[in-house]
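Chemist: What follows is a predicted structure for the sequence shown.
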Amino acid sequence: MTASILAGYADKNASLFRRLQVPLGDPAAWFEIHGHTVALVRDLEMDRVRQRSNADHVTCPAEHEPSLGLSADRETATAQAAVQLLRSKRVEQIKVDRSLPYIFAWHLQQAEIELIYDEHLGVLDRRVKTDHEIEHLCSAQAVTEEVMRMLCERIANASADAKGQLCVAGEVLTSESMRTLAALEFLKRGFSMGHGAIVATAPDVADCHHSGSGPLYTERPVIVDLFPRDEATRYNGDCTRTVVHGQASDTVKSMHAAVVAAKAAAEKVLVAGNLASEVQRATEDVLIQHGYPVSRGTVTDHPSIQHGTGHGIGLDVHEPILLDHGGGELLEGEVFTVEPGLYGRSDGGVRIEDMLVVTEGTPRNLNQLPSGLDWST
């Protein structure tokens, strides 16, 4: 018979957490055997896993001790117990995912249990979100937008000193201080910024993933990209807006218009059954038609296209699949970011990012915020 295993640490492995529903900091494993599910966890975690997961059976390593005993090392002991459990079920082959720790693979191989790699295990089931998961993402995005509005309005309503630097109450606004503010505001709301945040302007923003550094200036676009995690549900928000203090230049206005048009084109083809590559092609075609070149992997002085249209999102900020060249079929219930952008050293960058749910028709947008450049109140 063939079984499947997911193993590791549920506080780091989102696929394992999704099954256990407890962010365990100790090694654990999840099995599907003959249509039944088994959770193998530390003994003191058994009750929590019973209460939160839908496992048919919850067990611990001590209940599957080999003849020579279990190792004092927890990872080794859990891998040993996994072997004993599978032997007791007469399992000779087992499907494994891309994240299986080698310590489990080694012990399984030593027991002459054949490993069968399944590239979709732990991935395909996470791509299509349940209604409950979409609710979690919607809530996370709403909080992300609260803090986004706060940051964009703070930048837009600041004063400019003689050097053009933005100031509030005599303090110069910097990329660093704005990220600190975001972290504090998210902390108040039960969110964390484990992956950081982006508050970037020219010239740093020419590198689309540069987090930003130094003072913010009037009339220069500032990209604010926030992607926090809700610590209660472990689902992520992800939203980007671009704000200009004062008057945006004609160049920046043109960049913004192109990005808005590209985003609309992407959303039009973000439909179940279409290909992710079609979404990327729609985005890229619009930006190219507006006169912007593709420059992936190379930072440019003048505005250029540097990345794909978006990515899946859920328990991880970046999840398969990508809305990019070579991307496969879109599934109803998938959730993606759609985030076209343009970047250059001279004029800065513009990016707009929303989170959308794939349907058989018009995608459901989980964002409410406006996407203009002027955030002054």
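Modeler: Structure received.

Chemist: For the most centrally placed residue in the chain, give me its contacts.
Modeler: With distances taken as Cα atoms, centre = their mean, the residue of the chain nearest its centroid is Val317 (0.9 Å). Val317 makes contact with 195, 227, 229, 236, 238 under the criterion Cβ atoms under 8 Å, 6 or more residues apart in numbering. In this view, the C-beta of every residue, glycine as well, is placed from N, C-alpha and C.

Chemist: I'd like to know how far it sits from Arg296.
Modeler: Distance of Val317 to Arg296, computed by Cβ to Cβ, to the nearest Å: 20 Å.

Chemist: Scan the helices and strands of the chain for the one with the lowest mean pLDDT.
Modeler: Lowest mean confidence among the helices and strands of the chain (mean pLDDT, DSSP states H and E): helix 124-127, at a mean of 93.

Chemist: Pull that helix out as CSV, backbone CA atoms only.
Modeler: The C-alpha coordinates for helix 124-127 follow below in CSV (Å, rounded to 0.1, in the frame of the first residue of the first chain):
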residue,chain,number,x,y,z
LEU,A,124,-1.9,21.7,-4.7
ASP,A,125,-4.2,21.5,-1.7
ARG,A,126,-2.9,24.8,-0.4
ARG,A,127,-3.4,26.6,-3.7
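
Chemist: so what does the very next helix or strand once past it touch, helix or strand wise?
Modeler: Counting by DSSP states H and E, the next helix or strand C-terminal to helix 124-127 is helix 131-156. In terms of contacts (3 or more Cβ pairs under 8 Å, 6 or more residues apart in numbering; DSSP states H and E), helix 131-156 is packed against helix 175-188, strand 191-192, strand 221-226, strand 229-230, strand 239-244, strand 335-338, strand 354-357.

Chemist: so how far is the last one from its chain's centroid?
Modeler: Going by Cα atoms, centre = their mean, to the nearest Å, the spacing between the C-alpha centre of strand 354-357 and its chain's C-alpha centre is 12 Å.

Chemist: who does the helix or strand just after it pair up with?
Modeler: Counting by DSSP H and E, the next helix or strand C-terminal to strand 354-357 is strand 364-365. The pairing partners recorded for strand 364-365 under DSSP bridges are strand 354-357 (antiparallel).

Chemist: ok, back up a step: could you dump the helices and strands packed on helix 131-156 to a markdown table with distance to Ile305 and mean pLDDT?
Modeler: Output for these, formatted as a markdown table (distance: least, Cβ to Cβ, whole Å; pLDDT from 0 to 100):
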| stretch | distance to Ile305 | mean pLDDT |
| --- | --- | --- |
| helix 175-188 | 23 | 99 |
| strand 191-192 | 31 | 98 |
| strand 221-226 | 15 | 99 |
| strand 229-230 | 29 | 99 |
| strand 239-244 | 15 | 99 |
| strand 335-338 | 15 | 99 |
| strand 354-357 | 18 | 99 |
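
Chemist: closest to Gly35 out of these?
Modeler: strand 335-338 (28.7 Å; Cβ to Cβ).

Chemist: CA atoms of the closest one as PDB?
Modeler: Extracted C-alpha coordinates of strand 335-338, given in PDB (Å, rounded to 0.1, in the frame of the first residue of the first chain):
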ATOM      1  CA  VAL A 335      -5.700  33.800  -4.000                       C
ATOM      2  CA  PHE A 336      -3.000  36.000  -5.700                       C
ATOM      3  CA  THR A 337      -1.400  39.300  -5.400                       C
ATOM      4  CA  VAL A 338      -1.500  41.500  -8.600                       C
END
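
Chemist: can you list contacts of that strand?
Modeler: Identification of contacts with strand 335-338 by Cβ under 8 Å, 6+ apart yields 129, 133-134, 137, 238, 263, 266-267, 270, 279, 309-314, 323, 353-358, 366.
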